[in-house]
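Engineer: Got a sequence here, can you build the structure:
(chains A and B)
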Amino acid sequence: MNLLILFSIILPITAGLLIMLLGIQKGKIRNILVSVLVIVECAMIVQLACRGEKLTLQLFNLSDILSIYFHIDKLSILFALLVSVLWIFTTFYSQVYMTHEGKEVQFFSFYLITLGVTMGIAFSGNLFTLYIFYELLTLSTFPLVIHSGSREALQSGKKYLIYSFGGATIVLFGMILLGAIGSDMYFIENGFSNKMHFISENQQHLLQIAYGAMFLGFGVKAAIVPFHSWLPEAMVAPTPVSALLHAVAVVKSGVFALLRISYYIFGAEIVRGFEITQYISILIILTILMGSLLATAQKNLKKRLAYSTISQLGYILLGIILLNPDALSGGLLHLVNHAVIKITLFFCVGAIYFMTGYKTMDEIKGIGRKMPVTMCCFGVASISLIGIPPTNAFASKWLLVLGGISENKMIFSAILLLSAFFSAVYLLPILFTAFFQKSQDASMEENLDPSQKMLIPIVALTGIVLILGLFPNPVLGFIKGITQTIV
Amino acid sequence: VIFPLFGCVGAFWPKTISDRFREIFYILLTGIELLFVLAFYPLVMSQSILQGFIPNIMGIGLFLKLDGLRYLFILLASGIWFLTTIYSVKYLERKKGRYFAFSFLTLSSTIGLFLSENLLNLFTFFEIMSITSYMLVIHDETDEAYEAGKLYIGMAVGGGMVLLMGLALLYHYTGTLNIGEIQNRLSSLGNIKYLIGALMLIGFGVKSYMFPLHIWVPKVYTTSSIPAGALLSGVLLKTGIFGILITTAILMKGDFIFSTVVLVLGLLNMLIGGFLAFFQRNLKTILAYSGMSQAGYILVGIGLIGLLLDSTEAVYGTLFHILNHAAFKVLLFMTAGLIYIMTGEFNIYRLNGWGKNKIFVKITALIGMFAMAGLPGHNGYISKTLLHESLIQAHAFYSDKFFFLLEIAFVIGSAFTSAYLLKIFMAIFTGGKEPSKQLGANRYRKCMIFPVISLVFAVLLIGTVPKTLFVLMAEASKVLNVHPLFSYSFYTVSHLKTAVIPILLGIAIYILAVRKYRCMDTKANGAEFSGSWINLEKHVYSPILKTLYVLGLNVFYYIDQILVRVVLGIKHVLLYLYRLGNYICTYTVFLWNRIVQRMFKISVQTQSPSANRAEHQSVFDIITDGSAELSSITYSVFIFAFVLAMVFIVSFGKM
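Structural biologist: Numbering: from 1, shown residues only, chains lettered A, B, ... in the order given. Below is the predicted model of the structure:
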């Protein structure tokens, strides 16, 4: 059973490599293969989730620190389940979408490899393993970002690489410091806080530096403010990639890593003692405000969504850094909610692009009448993202706001709400233009909704958004279970 | 118990069924809804409080409650909705499906809002209502309507966020959001309760046209269609009022400062609304401002409830005015709609004298106006008398000069009301020398008359026999902890006097304004004096917001680019240093040679200038090559910058 962990990581990677090596050109076979694979993957994760106990697996053990070690706890289940479920939807969506972009063999092989690597991140049991997979994630997603091969794509791909590796370097720096202090860097609930009394003053300082370094380092992927500009640039990638990687998998891996270090290496108790959290929280506030404000100024739909992602990630980071149960639950819930909502939004935008070639605000006038189903889904998702009850982001924002207040930092809550207002400002005009403005061309009546294979994932995801909004309790209960043990 | 109310709402998208069937269906639906509400009457009267709790929805469950006060509100909502639906099936011409679908969603959320016991549920319904009513506002699909709709939804969402902040604070400090439970816990809080109260007041104030937040009202009313306007002022306004009522009277338990603030804001509303209404020429805009001033009356009432905790008159006055305002305002809106159908015109000067011979419209309009002005025998009289009475009570109770001023303001506000009503009446129904020719002569449908007549009936009924509603009011007032009132003599001399004085004053104002200043030019093209010099939206909010927005955008744009800029900057500095260094190098070599030459006066073979140039050139070449290669250096610099950041962090950490 323990090997199932390994299997769930290896399987997609080998399959991806296999597709690449064999060069399966035949669309149908490849599609079936990929679909079956992601479903099997998801089934495996569910299987792992159902067992409910803590599984561990040690692969190599060079020294205490340099060992490849996997383990499963609730947090990794949450992340893995989220990723694998969303991967299924994306698979069906991109099978249609990628006919548009070409080079499908390359796409799907790296696509699967990325899935495996993300699972690796989810299941890694110590920092070293996490770090390895984190670097691998950068490498495996790079070909997806530069998929179109245009100059622009290469340019932003380069930026993406530099930012990510730069971040990883800093993480490494932090790891070295940690190693010097004598941590074995295994993920244990509350981490260092368990042995708080054995830490000397000097070590405390070193720990603080290490924490700061790692937060900023992993923060690069989570698009924290000075290190965020790769994210909007990376929107040159094909839409499924943007949707999955840059709204869900990659950025959420950054967030996940931050969760791991904050609560499983250092522990809430000890992080609370760090002064550096104040500076980090200033950065996070800048992230939130900048993202939502700049999103209002973007004409390109995908860029608008990218900036919105930055600000929404800021919410999650805020939930992490506030270090109280409410805020953390809010942050985790928002991690799930934002993933589902943002992927829906991206799919809708992608569908518009796929069917009409429109990319910007000016072009989509009146598109709501031509693509009613798509735009309705977009509407539901954007109302959710704004956080208007009874949709799902409301619950997470409510918890975050409460968390902010109970830390006696009312300003955080106020900023959250201000940003929520801005998210209305950048999302609702899309809807209004789409539904209420007259389009230029006269071909009004034809229905341009994409084919079923593309539409079903969109509609299904919208359904999930609604269900999560009306009945957040199961997910929230699960998340509360996580937060209880670590805060 | 209350579930059918909601259940019947979800499935309203019958697009395929024929028009006639659909119309009947819509009317039946709201009719059934009304019947449902009426069916609760005996239950409410038997003084039992119904509660429904559906767990697991939105995490905290749905907690509904029905008591006398809420019943009054839902009765109002469903009644008005029923009448407006009858009216609008014929009034509207296009896209009825969409209109009614969203109209019913709004109805259900409105009723849900009135029934919510949990404030979070209330907030939920509040937001749903804002979103769905947007569709009603923009139904006409003109550009102005979109503009107004943008403002509407922006203010609604913004207000919602403020409200949410208030609720979050409330939850944090009291640990519950059930209205009944908060009551006792909140009063023990310190000053934080004023912050909470203020946030909630702002949140609800947006919907109740409260003074500095009213800017959307005229815009939206002017551009939205008549049924939407009727619903907005008849029912949706009352949701904000309901929220403020709950905040003031139940949550804050009549805190003195808070109630005074509400009272003063109400009076301001009354004066400003009345004043601005006086200068408008579009019928709908006048109705918008008058809605604002009437909302002011209600706010004054609420403030008085808070101030005089157990004043029956204040409670009754407020509740009566809530009902009355709905009745006469919707009546006036419908009449305006009739006029519009017949003429296609809202501008009162272009309607110049049109209504001289239109008896039906004339009568209904007259009754609506009388009611609004508070002429004895109409329902406005009842509530205004009660409100005035309680204002006097407050004066007696606190015996402060301040209340005397308030009283004067009250009278002036009422005077303005009668002045602008008089203006409408004079313009449309009398006066004009010759009716304009272009006015169309369409007929209105017969079934539109029914709601109008029933509203006229209601207005007169309440006006003459107010006791009919006393039973209902008694139940409602129990919620607010006052003794029910069983008889009250409305027609005493002093009351009549207070009613008549403002009307006379209004007539005086009208005559003065028209005769003396001619500021209401009867010519249709006359320069418009619409008080635009104090347009809050144009002159205050919008510049401030715009400046802030642009400023924020620029600042954040720099933050956005900061890393790239820093890296580029470092690159430039390095380049500059390179050049500088190079320059210094060549120059020193040159100088050195000179010095050597001078010192030793020996003919050292100097480097020929050309050779020097060549060398120079090559160095420069290297630099330019270097700068081309520098992109990779940039990246290393980039990482260097990271390390620099780390150093900062280290130093911070040591501090």
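Engineer: Which secondary structure element is home to whichever residue of chain B sits closest to chain A?
Structural biologist: Residue nearest to chain A within chain B: residue B:124 (3.8 Å; C-beta to the nearest C-beta). C-beta here means a position set from N, CA and C on the backbone, and glycine is covered the same way. Element membership of residue B:124, judged by DSSP states H and E, is helix B:119-137.
Engineer: For the residue of chain B closest to chain A, the count of nearby residues, please.
Structural biologist: Residues near residue B:124, counting by other C-beta atoms under 10 Å in any protein chain shown, number 24.
Engineer: doesn't residue A:57 make contact with residue A:3?
Structural biologist: Yes: counting by C-beta atoms under 8 Å, residue A:3 does reach residue A:57; the two are 7.2 Å apart.
Engineer: Which one's more surrounded, those two?
Structural biologist: Set side by side, residue A:3 and residue A:57 show more neighbours around residue A:57, with 17 against 10, by other C-beta under 10 Å.
Engineer: A strand includes that one, no?
Structural biologist: Yes: assessed by DSSP: H, G, I helix; E, B strand; the rest coil, residue A:57 belongs to a strand.
Engineer: any idea how far it is from chain B?
Structural biologist: Distance from residue A:57 to chain B, counting by C-beta to the nearest C-beta, to the nearest Å: 34 Å.
Engineer: ok, back up a step: mind giving me the packing neighbours of the helix holding residue B:124?
Structural biologist: Packed against helix B:119-137 by the contact rule (3 or more C-beta pairs under 8 Å, 6 or more residues apart in numbering or on different chains; DSSP states H and E) you find strand B:62-66, helix B:96-115, helix B:143-174, helix B:226-231, helix B:237-245.
Engineer: and stretch B:140-150, C-alpha only, in CSV?
Structural biologist: Extracted C-alpha coordinates of stretch B:140-150, given in CSV (Å, rounded to 0.1, in the frame of the first residue of the first chain):
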residue,chain,number,x,y,z
ASP,B,140,-34.6,49.4,-20.6
GLU,B,141,-31.1,48.7,-21.9
THR,B,142,-30.2,52.3,-22.8
ASP,B,143,-26.7,53.5,-22.3
GLU,B,144,-27.8,55.7,-19.4
ALA,B,145,-29.4,52.8,-17.8
TYR,B,146,-26.1,50.9,-18.0
GLU,B,147,-24.3,53.9,-16.5
ALA,B,148,-26.9,54.1,-13.7
GLY,B,149,-26.7,50.3,-13.3
LYS,B,150,-23.0,50.4,-12.9
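Engineer: OK, contacts around residue 406?
Structural biologist: No chain in the question, so chain A it is. A:324, A:326-327, B:172 (C-beta atoms under 8 Å, 6 or more residues apart in numbering or on different chains).
Engineer: my question was about chain B
Structural biologist: Per C-beta under 8 Å, 6+ apart, neighbours of residue B:406: B:263-264, B:267, B:391, B:394-395.
Engineer: Check the burial of whichever residue of the stretch 351-487 of chain A sits closest to chain B by counting its neighbours.
Structural biologist: Across the stretch 351-487 of chain A, no residue is closer to chain B than residue A:389, which sits at 3.8 Å (C-beta to the nearest C-beta). Counted by other C-beta under 10 Å, the residues lying close to residue A:389 total 25.
Engineer: Close to chain B: what parts of the stretch 301-450 of chain A are there?
Structural biologist: A:383, A:386, A:388-390, A:394-395, A:398, A:401-402, A:405-406, A:410, A:413-414, A:417-418, A:420-421, A:424-425, A:428, A:432, A:436 (C-beta under 8 Å from any C-beta of the partner chain).
Engineer: Go through those residues and flag which are in helices.
Structural biologist: Members of those lying in helices (criterion: DSSP state H): A:383, A:386, A:394-395, A:398, A:401-402, A:405-406, A:410, A:413-414, A:417-418, A:420-421, A:424-425, A:428, A:432, A:436.
Engineer: can you map out the helices along the stretch 351-500 of chain B?
Structural biologist: Secondary structure of the stretch 351-500 of chain B (DSSP state H, counting those that start in this stretch): helices at B:359-373, B:379-398, B:401-429, B:449-464, B:470-479, B:493-511.
Engineer: and these, which is most packed in?
Structural biologist: Scoring the helices of the stretch 351-500 of chain B by mean neighbour count under mean count of other C-beta atoms under 10 Å in any protein chain shown gives helix B:379-398 as the most buried, with a mean of 23.
Engineer: which helices and strands sit right next to it?
Structural biologist: Short answer (3+ C-beta pairs under 8 Å, 6+ apart): helix B:379-398 packs on helix B:283-307, helix B:312-343, helix B:359-373, helix B:401-429, helix B:449-464, helix B:493-511.
Engineer: and that helix, average pLDDT?
Structural biologist: For helix B:379-398, mean pLDDT rounds to 77.
Engineer: swap in stretch A:41-57?
Structural biologist: Mean predicted confidence for stretch A:41-57 is 77.
Engineer: in that stretch, what counts as buried?
Structural biologist: Of the residues in stretch A:41-57, A:41-42, A:44-45, A:48-49, A:55, A:57 count as buried by neighbour count, 16 or more other C-beta atoms under 10 Å in any protein chain shown.
Engineer: what's the farthest-apart pair in the residues you listed?
Structural biologist: Farthest-apart pair in these is A:42 and A:57; separation 20.0 Å (C-beta to C-beta).
Engineer: where does the stretch 51-200 of chain B come near chain A, residue by residue?
Structural biologist: Counting by C-beta under 8 Å from any C-beta, the stretch 51-200 of chain B sits next to chain A at B:56-59, B:120, B:123-124, B:127-128, B:131, B:138, B:141, B:146, B:149-150, B:153-154, B:157-158, B:160-162, B:164-165, B:168-169, B:171-172.
Engineer: and which of the buried residues of stretch A:41-57 is nearest to residue B:246?
Structural biologist: Distances from residue B:246 to these, taken by C-beta to C-beta, are shortest for residue A:49, at 44.2 Å.
Engineer: so the closest one touches residue A:81, yeah?
Structural biologist: Yes: Residue A:49 lies in contact with residue A:81 (C-beta under 8 Å); the separation is 6.0 Å.
Engineer: coming back round to it: could the contacts of residue B:406 be laid out in TSV, adding distance to residue A:265?
Structural biologist: TSV is the format used below for the contacts of residue B:406 (distance: C-beta to C-beta, whole Å):
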residue	distance to residue A:265
B:263	58
B:264	57
B:267	61
B:391	66
B:394	64
B:395	68
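Engineer: Could you identify the pair within those residues that is furthest apart?
Structural biologist: Among the contacts of residue B:406, B:264 and B:395 lie farthest apart (C-beta to C-beta), at 14.6 Å.
Engineer: if we can go back for a sec, could you identify which of the helices of the stretch 351-500 of chain B has the lowest mean pLDDT?
Structural biologist: Minimum mean pLDDT among the helices of the stretch 351-500 of chain B: helix B:470-479, a mean of 69.
Engineer: on that earlier part again, if you drop the residues flanking it in sequence, what lies closest to the residue of the stretch 351-487 of chain A closest to chain B?
Structural biologist: Excluding the flanking residues, the one nearest residue A:389 by C-beta to C-beta, 6 or more residues apart in numbering or on different chains is residue B:124, at 3.8 Å.
Engineer: I'd say that neighbour and residue A:395 touch.
Structural biologist: No: contact criterion C-beta under 8 Å: residue B:124 and residue A:395 do not qualify, at 10.9 Å.
Engineer: Any regions of chain A where pLDDT drops low?
Structural biologist: A:1-2, A:24, A:52-53, A:183, A:196-197, A:438-448 (pLDDT under 70).
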